[in-house]
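Student: Just to be clear, the model below is a prediction. Sequence and coordinates:
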Amino acid sequence: MSFCLKCGHATENAIPAGDSHYREVCPNCGFIHYENPKIICGALALWKDKVLLCRRAIEPRYGLWTLPAGFMELQETMEQGAARETWEEAEGKVAIDQLYCSYNIPRIGQVYMLFKGQLEEGAFGAGEESLECALFDEADIPWDNLAFPSIYRTLKHYYHDRKTYDFAKDQVPFHLETISGDDTVIE
């Protein structure tokens, strides 16, 4: 941020009074420009024990597979964001069951919030941000072509939990992890 969003004056990198972090501060009007982590909302959309994946038509990670997910918008809940992203990327409607996995990714200033849900009527297509979408059994997941560590971890949790818990009867665990700068998981 080189110029103040409020008055247009050049900003300075400084620690504001009462703060402990460097921020872009406007010396003209005093406005402090905060840059905070972004929330990514997405869905582990399931249909008859299969997982809906999208092959990315955008960067980053063009051509690789992911769960439908993207930046949360203003004026929406995380659940609404996950459902919207499923529609935008996979033309599917998802009924959200529960918050399933959350990942802190400090190196890129993101927090992933991934919900488990049911793909309504098993219907889907490919939205503008997807080259294609498909339903996968565990054996057919393109493990070596997944776009992000958070997606890999979510799928691993799901297949482990499916063998361990009865999703209809048991309380399925919530998974919270931090993914470090070299994409390793700090639990």
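Tutor: Nice, thanks for sending it over.
Student: what residue is smack in the middle of this protein?
Tutor: By C-alpha atoms, centre = their mean, the chain has its centre lying nearest to Ile40, at 3.4 Å.
Student: What confidence value was assigned to that one?
Tutor: We note a pLDDT of 98 for Ile40 in this prediction.
Student: quick one, what contacts it?
Tutor: Ala69, Gly70, Phe71, Met72, Gln110, Val111, Tyr112, Met113, Ser150 (C-beta atoms under 8 Å, 6 or more residues apart in numbering). Bear in mind the C-beta positions are built from the backbone N, C-alpha and C, glycine included.
Student: one more time with 10 Å
Tutor: In this structure, Ile40 makes contact with 69-72, 78, 81-82, 85, 102-103, 105, 110-114, 148, 150, judged by C-beta atoms under 10 Å, 6 or more residues apart in numbering.
Student: which SSE is it in?
Tutor: Using DSSP states H and E, the element containing Ile40 is strand 38-47.
Student: That strand pairs with which strands, and in what direction?
Tutor: If you go by DSSP bridges, strand 38-47 pairs up with strand 50-56 (antiparallel), strand 69-71 (antiparallel), strand 110-119 (parallel).
Student: quick one: the very next helix or strand once past the longest one to strand 110-119, angle?
Tutor: In this case it means strand 110-119. Counting by DSSP H and E, the next helix or strand C-terminal to strand 110-119 is strand 130-136. In this structure, strand 130-136 runs at an angle of 60 degrees to strand 110-119, with axes from the mean of the first three to the mean of the last three C-alpha atoms, to 10 degrees as the basis.
Student: how far does strand 130-136 sit from the chain's center?
Tutor: For strand 130-136, the distance between its averaged C-alpha position and the chain's averaged C-alpha position is 17 Å (C-alpha atoms, centre = their mean, to the nearest Å).
Student: mind checking how far the residue nearest to the centre of the chain is from Asp170?
Tutor: For Ile40, the distance to Asp170 under the criterion C-beta to C-beta, to the nearest Å works out to 27 Å.
Student: next one: Arg162
Tutor: 11 Å.
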